[in-house]
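Undergrad: pasting the sequence and the predicted model now:
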Amino acid sequence: MNDQEKPDTSRRGFVQLLAGGAVAATAASALGSLAPAGGAESTAKQSRIQYGMLIDTRRCIGCHSCSVACKAEFDVPLGVNKSWVEYTEKGTFPNVNRHFLPRLCNHCSEPQCVAVCPTGATYKRPQDGIVVVDSGLCIGCKYCIQACPYDARFLNPVTNFADKCDFCIHRVSKGLLPSCVNSCIGGARIFGDVNDPESEISRQIAANAVTVLRPGKGTEPNVYYIEADITEEAENSDGSYRVRVSTHRSIKERR
Amino acid sequence: MHELNWGLPVILYLFLAGLGAGAVTVSGSVLLRKGGFHDSRMDIARYGALIGPIPVMLGTFLIVFELGQPFRALNLFKMLNLSPMSIGTWALALFIILSGLYAICFIPRQATWPWLGKARRVLAWLCVPLGISVAIYTGVLLGAMPARPFWNSPILAGLFVLSALSTGTAAIMLMVALFGEKSAEHREGRENDQYLLVSSDALLLGGEMLVIFLFLMFAHLTIGDVRHAVEVILPGGSLASLFWWGVVLIGILFPFVMELFQVVPKLLYGRTFRSSLVLEVAVALSVLAGGFALRYIIVVAGQVTGPTTL
């Protein structure tokens, strides 16, 4: 499933092989790349493509087309999901409401999973800002799974590698939309380049009140929501206001 | 409950690597102690050097096989980046090699050849900082993630170092008590050894108490994620009984009080240090059990708690 990354992977592998002989050289390059960005680098950061998604929860009906399309697209093993939907039910009859919150990897601009990966297997692609996992380098240490504030990652039970949504690189690179966007019957998902002010997603982000998930973690997510209901079950602690958050995932808790 | 991605092999690794690195660090420090090195201290340096590498290697074996594909772990050596796990891997690999050599240097009891004593000292200079690195990096590794509020504290690394050194000291204490020279002419040397070990361990346990107090106090006084996370070990939390009975009482308070009873008469009133085999073994075992319980609590608590708001 990661064939589409092959050319990039081999180039990285080659560079790392070169550097592998001299640990000090590798360390120097790693330190250099992590140094605070100068003027030139920050301009480059602004001008490059950063794919993102805008999810209009008002148009989501909780039908799981996205979940199923994603499962079919990647043959995701049973019990794990790259894309899932959470239901938030709250209130007391007859004053009740139910909201849907579609979830996927946020392809953060400051991805913590990338910062902690010891082998460089997970990285943010410079050309389009998609955070990917190089299964050739991943050792399955699960550090990235611990570090992700969104629980978007999981250990693939078949391959034993870390796995997650990759914005359907194989489709996007051929000019198609990601599978979940393509299959959304409510048209709730808009996919595109958030760095291009003329793109549909940028115009919608500018025209609507949008939020990201857990902004306080400093990850700068690139998946935006319109009217996301982020009520937590913990808010139910005194019992006066009923909240139930449920999902079809095997991992029931939010993180 | 959240699923535990890091289970018993990782917990055992944190405990065993800390213990081994602590034992080698204590051994090297005693060996290098300026001017204070007598033959009587040889047992501490020797047992620390001999037992240190074994738990480290065992723990490393456990985490490498926990990956599912053990040979994948070699990918770690293709690069060095700023991930605590990457730095820790290199430190651990160097430590295993050098502490292994250090241990080999201690197989003959006496340094019969002059180069052997020198080799011991050179390796001790290398093993002490590496041992500290191996003991500290696991705490940095867990502390580096804002997504895990229970771990996300700089003081966690300090707690891990203190716990590693105190479990390492306890392991040496156990070895000296069980296998040290017991003949009458070595009696004084042996009691000197035990006094050094017991008083150092009491100091380390005191430090651990201070760090745990600071950890709990700051977590409790704050609001939000960290406070919510730390409630899991405060009274009423799901891990509270293991924490308070296992870590605080058995792992720290009991050995600390016992060690004070042994140390205070000599320290304050200049009386001769008296110890008993049963007490030494009991104290050492309770420190080791507490060290394991501490790693267990921290690894599990970090994974069953998370940020409170989406």
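TA: Looks like it arrived, so ask away.
Undergrad: and stretch B:209-224, what's its mean pLDDT?
TA: What stretch B:209-224 shows for mean pLDDT is 92.
Undergrad: and it, which residues are buried?
TA: Under the neighbour-count criterion of 16 or more other Cβ atoms under 10 Å in any protein chain shown, stretch B:209-224 has B:Val211, B:Ile212, B:Phe215, B:Ala219 buried. Where you see a C-beta, it was placed from the backbone N, CA and C, and this is true even at glycine.
Undergrad: what does stretch A:69-79 give?
TA: Result for stretch A:69-79 [16+ other Cβ under 10 Å]: buried residues A:Ala69, A:Cys70, A:Lys71, A:Glu73, A:Phe74, A:Val76.
Undergrad: next: stretch A:154-163.
TA: Those would be A:Phe154, A:Leu155, A:Asn156, A:Thr159, A:Asn160, A:Phe161, A:Ala162, A:Asp163, for stretch A:154-163 by 16+ other Cβ under 10 Å.
Undergrad: do stretch A:137-151 as well
TA: So, applying 16+ other Cβ under 10 Å, buried residues of stretch A:137-151: A:137-151.
Undergrad: quick one: the most centrally placed residue in chain B from B:Phe15, how far?
TA: Chain B has B:Ala164 as the residue nearest its centroid, 1.3 Å off, counting by Cα atoms, centre = their mean. Separation of B:Ala164 from B:Phe15 (Cβ to Cβ, to the nearest Å): 9 Å.
Undergrad: count of neighbours near residue 107?
TA: Let's take chain A. 28 (other Cβ atoms under 10 Å in any protein chain shown).
Undergrad: meant chain B, my bad for not saying
TA: Neighbours around B:Ile107, by other Cβ under 10 Å: 10.
Undergrad: residues contacting it?
TA: Contact partners of B:Ile107, counting by Cβ atoms under 8 Å, 6 or more residues apart in numbering or on different chains, are B:Leu50.
Undergrad: quick one: it is in a helix?
TA: No. Counting by DSSP: H, G, I helix; E, B strand; the rest coil, B:Ile107 is not found in a helix; it is coil.
Undergrad: now do it, the pLDDT please.
TA: So, for B:Ile107, pLDDT stands at 89.
Undergrad: all strands of the stretch 1-150 of chain A, in order?
TA: Counting by DSSP state E, counting those that start in this stretch, the stretch 1-150 of chain A has strands at residues A:51-56, A:84-92, A:95-103, A:122-124, A:131-133.
Undergrad: which outside residues touch the first one?
TA: Applying Cβ under 8 Å, 6+ apart, the contact partners of strand A:51-56 are A:102, A:104, A:107, A:128-130, A:167, A:172, A:178, A:181, A:187-194, A:201, A:204-205, A:208, A:210, A:222-228.
Undergrad: residue contacts, the most centrally placed residue in chain A?
TA: Centre of chain A computed as the mean C-alpha position; nearest residue by Cα atoms, centre = their mean is A:Cys105, 1.6 Å away. A:Cys105 is in contact with A:Lys82, A:Val131, A:Tyr150, A:Ala152, A:Arg153, A:Lys164, A:Cys165, A:Asp166, A:Phe167, A:Val223, counting by Cβ under 8 Å, 6+ apart.
Undergrad: show me what from the stretch 51-200 of chain A comes close to chain B.
TA: A:112, A:115-121, A:137-143, A:145-149, A:155, A:160 (Cβ under 8 Å from any Cβ of the partner chain).
Undergrad: can you tell me the SS state at A:Pro221?
TA: coil.
Undergrad: count residues in the vicinity of it, would you?
TA: Neighbours of A:Pro221 (other Cβ under 10 Å): 24.
Undergrad: please name the nearest non-neighbouring residue to it.
TA: A:Asn106 (3.4 Å; Cβ to Cβ, 6 or more residues apart in numbering or on different chains).
Undergrad: still on that earlier bit, so what sits against both of B:Ala164 and B:Phe15?
TA: With Cβ under 8 Å, 6+ apart as the test, B:Ala164 and B:Phe15 both reach B:Gly291.
Undergrad: taking the buried residues of stretch A:69-79 one by one, which sit in helices?
TA: Cross-referencing these against helices under DSSP state H gives A:Ala69, A:Cys70, A:Lys71, A:Glu73, A:Phe74.
Undergrad: thought the last one was touching A:Lys82?
TA: What it means is A:Phe74. Yes. Between A:Phe74 and A:Lys82 a contact is recorded at 6.4 Å, counting by Cβ atoms under 8 Å.
Undergrad: kindly report the residues of chain B close to chain A.
TA: So far as Cβ under 8 Å from any Cβ goes, chain B lies against chain A at B:1-3, B:5-6, B:67-69, B:72-73, B:75-76, B:78-86, B:89-90, B:141, B:144-148, B:228, B:302-303, B:306-310.
Undergrad: can you pull the buried residues of stretch B:119-131?
TA: B:Ala119, B:Arg120, B:Leu123, B:Ala124, B:Leu126, B:Cys127, B:Val128, B:Leu130, B:Gly131.
Undergrad: quick revisit: list the contacts of the residue nearest to the centre of chain B.
TA: Here B:Ala164 is in contact with B:Ala17, B:Gly18, B:Leu19, B:Ala21, B:Gly22, B:Thr25, B:Ala135, B:Gly291 (Cβ under 8 Å, 6+ apart).
Undergrad: which of the residues you listed sits closest to chain A?
TA: Checking those against chain A with Cβ to the nearest Cβ, the nearest one is B:Ala17 at 14.8 Å.
Undergrad: SS state for that closest one?
TA: Assignment for B:Ala17 (three-state DSSP): helix.
Undergrad: give me the local confidence score for it.
TA: 96.
Undergrad: count the residues that sit near it.
TA: The burial count for B:Ala17: 30, using other Cβ under 10 Å.
Undergrad: hang on, the earlier thing: quick check: the farthest pair among the buried residues of stretch A:69-79?
TA: Taking Cβ to Cβ as the measure, the buried residues of stretch A:69-79 reach their widest spread between A:Ala69 and A:Val76, a distance of 10.7 Å.
Undergrad: need the outlier residue of chain A, farthest from its centre.
TA: Residue of chain A lying farthest from the centroid, by Cα atoms, centre = their mean: A:Pro94 (36.2 Å).
Undergrad: got the buried residues of stretch B:119-131 as JSON lines, with secondary structure, pLDDT and distance to B:Leu159 columns?
TA: Output for the buried residues of stretch B:119-131, formatted as JSON lines (DSSP: H, G, I helix; E, B strand; the rest coil; pLDDT from 0 to 100; distance: Cβ to Cβ, whole Å):
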{"residue": "B:Ala119", "secondary structure": "helix", "pLDDT": "90", "distance to B:Leu159": "34"}
{"residue": "B:Arg120", "secondary structure": "helix", "pLDDT": "90", "distance to B:Leu159": "31"}
{"residue": "B:Leu123", "secondary structure": "helix", "pLDDT": "94", "distance to B:Leu159": "28"}
{"residue": "B:Ala124", "secondary structure": "helix", "pLDDT": "93", "distance to B:Leu159": "25"}
{"residue": "B:Leu126", "secondary structure": "helix", "pLDDT": "95", "distance to B:Leu159": "25"}
{"residue": "B:Cys127", "secondary structure": "helix", "pLDDT": "95", "distance to B:Leu159": "22"}
{"residue": "B:Val128", "secondary structure": "helix", "pLDDT": "96", "distance to B:Leu159": "20"}
{"residue": "B:Leu130", "secondary structure": "helix", "pLDDT": "96", "distance to B:Leu159": "20"}
{"residue": "B:Gly131", "secondary structure": "helix", "pLDDT": "96", "distance to B:Leu159": "17"}
